[in-house]
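**Student:** Sharing a sequence plus its predicted fold:
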Amino acid sequence: MSQRRRREAPAPRQHASGLVRVGILALPLSGLLTLWGLLGRYTAPNPRVDFEAAAQVASSTSFIVSQLAGNIAGLALLIFGIFALTAYLANTRARRLAVAAMILSILSVALVLPALGVTTYALPALGHAYLNGQEDAKVIADALFGNPLRNVIYIPVFALYASGFILFGVAIWRSGILRKGAALSLGIHAPLVSSFIKPQPNLGVVLGALLFILGGVFISLDVFRGPQARRRR
C-alpha cells in the first residue's frame, strides 16, 4: 500500500503543470482581445470633439462587442496569464523578480478596470440616450471624460503596468528557460501600451499590443515544447 502511494504521488504535480500550460495560453489570447478593443476605439471620434459622431459609433453593436472583448474579457484573461507565467518562473532563479512583477501588474489591472468600465458600459448608454434626444447625455459624458481625477489615474497605471512587465522581461531573460525574444517583446511593449486607458489610443499603443501578442506566442511555444526543445535550440 505504501509503495502504491509513493508511485501515485507525482500525479498532482503533473496536473498543476497542465493548469499552468493552459493559463499561459491566456497571454496571447488576452493580447488579441485587447487589440480588438483598441482597434474599436482607434477609429472612433473623440466624444469631446464630435459627440454626435461618437454617439453613433458608441451605440453600434460592433463597438459594444469590441469593448466587452477588449476591456473586460481581455483583462480578465490577462490576470490568469500573469499568474500562470509567475507560477512557471517560480522554480527558477528569477522567481523573486517574477513575484514582484506579478504584484505590480495585477495592481495596474485593478486600477484600470474602473476607468475602462466607463468606456465599456457608460459611453454606449450615453450614446443611445443622446441619439434619442436626451441632450443631458452630452453633459454627463463631458463630466466623465473631462474629470481631472481620470487623468490622475494615468500616472499610477502607467508606472505600475510598465514596471511590472519590464520586470517580467528581466525575469524571463534571467530564467534561462524561455527565449529572450519573449523578454524583449514584453519589456518593450510595456511603456508603449500603458496609456491604453485613454479613450483615444494612438499608433504606439497598437504597436505595444502587437508586441505583447508576439511575446505571449513565444512564451506559449516554449512552454508547450518543453525542456527538450529548449535544449535543442
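**Tutor:** On my side now, so go ahead.
**Student:** Give me the buried positions along the longest helix belonging to the chain.
**Tutor:** Secondary structure of the chain per DSSP state H: the longest helix is helix 203-232. Buried residues in helix 203-232, counted by 16 or more other Cβ atoms under 10 Å: 205-206, 208-220, 222-223. Just so you know, the C-beta spots here come from the backbone N, C-alpha and C atoms, and that holds for glycine as well.
**Student:** residues contacting the closest residue in space to Ala55 that isn't next to it in sequence?
**Tutor:** Of all residues not flanking Ala55 in the chain, Gly127 sits nearest, at 3.6 Å (Cβ to Cβ, 6 or more residues apart in numbering). Gly127 makes contacts with Ala54, Ala55, Gln56, Val57, Ala58, Ser59, Ala137, as judged by Cβ atoms under 8 Å, 6 or more residues apart in numbering.
**Student:** Closest to Leu167 out of those residues?
**Tutor:** Of all the contacts of Gly127, Ala58 has the smallest distance to Leu167: 35.7 Å, by Cβ to Cβ.
**Student:** Could I get the pLDDT score of the closest residue to that closest one other than its chain neighbours?
**Tutor:** Excluding the flanking residues, the one nearest Ala58 by Cβ to Cβ, 6+ apart is Gly127, at 3.7 Å. Note on Gly127: pLDDT of 87.
**Student:** Over to the one 10 residues further on?
**Tutor:** We note a pLDDT of 82 for Ala137 in this prediction.
**Student:** Report the buried residues of the helix or strand hosting it.
**Tutor:** Per DSSP states H and E: Ala137 is located in helix 136-145. For helix 136-145, burial by neighbour count (16+ other Cβ under 10 Å) applies to Ala137, Lys138, Ala141, Leu144, Phe145.
**Student:** Could you name the helices and strands sitting against it?
**Tutor:** helix 51-58, helix 123-131 (3 or more Cβ pairs under 8 Å, 6 or more residues apart in numbering; DSSP states H and E).
**Student:** Distance to Arg41 added to the ones you listed, as CSV?
**Tutor:** What follows is the helices and strands packed on helix 136-145, written out as CSV (distance: least, Cβ to Cβ, whole Å):
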stretch, distance to Arg41
helix 51-58, 9
helix 123-131, 10
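**Student:** between those helices, which gets nearest to Ile24?
**Tutor:** helix 123-131 (32.9 Å).
**Student:** and that closest one with helix 136-145, angle?
**Tutor:** Between helix 123-131 and helix 136-145, the angle comes out at 150 degrees (axes from the mean of the first three to the mean of the last three Cα atoms, to 10 degrees).
**Student:** Distance check, the residue nearest to Ala55 against Leu116.
**Tutor:** Taking Cβ to Cβ, to the nearest Å as the criterion, Gly127 is separated from Leu116 by 16 Å.
**Student:** and what of Pro124?
**Tutor:** Separation of Pro124 from Leu116 (Cβ to Cβ) stands at 13 Å.
**Student:** Could you pull out the residues contacting both of the two?
**Tutor:** What both Pro124 and Leu116 touch, as defined by Cβ under 8 Å, 6+ apart, is the set Gln67.
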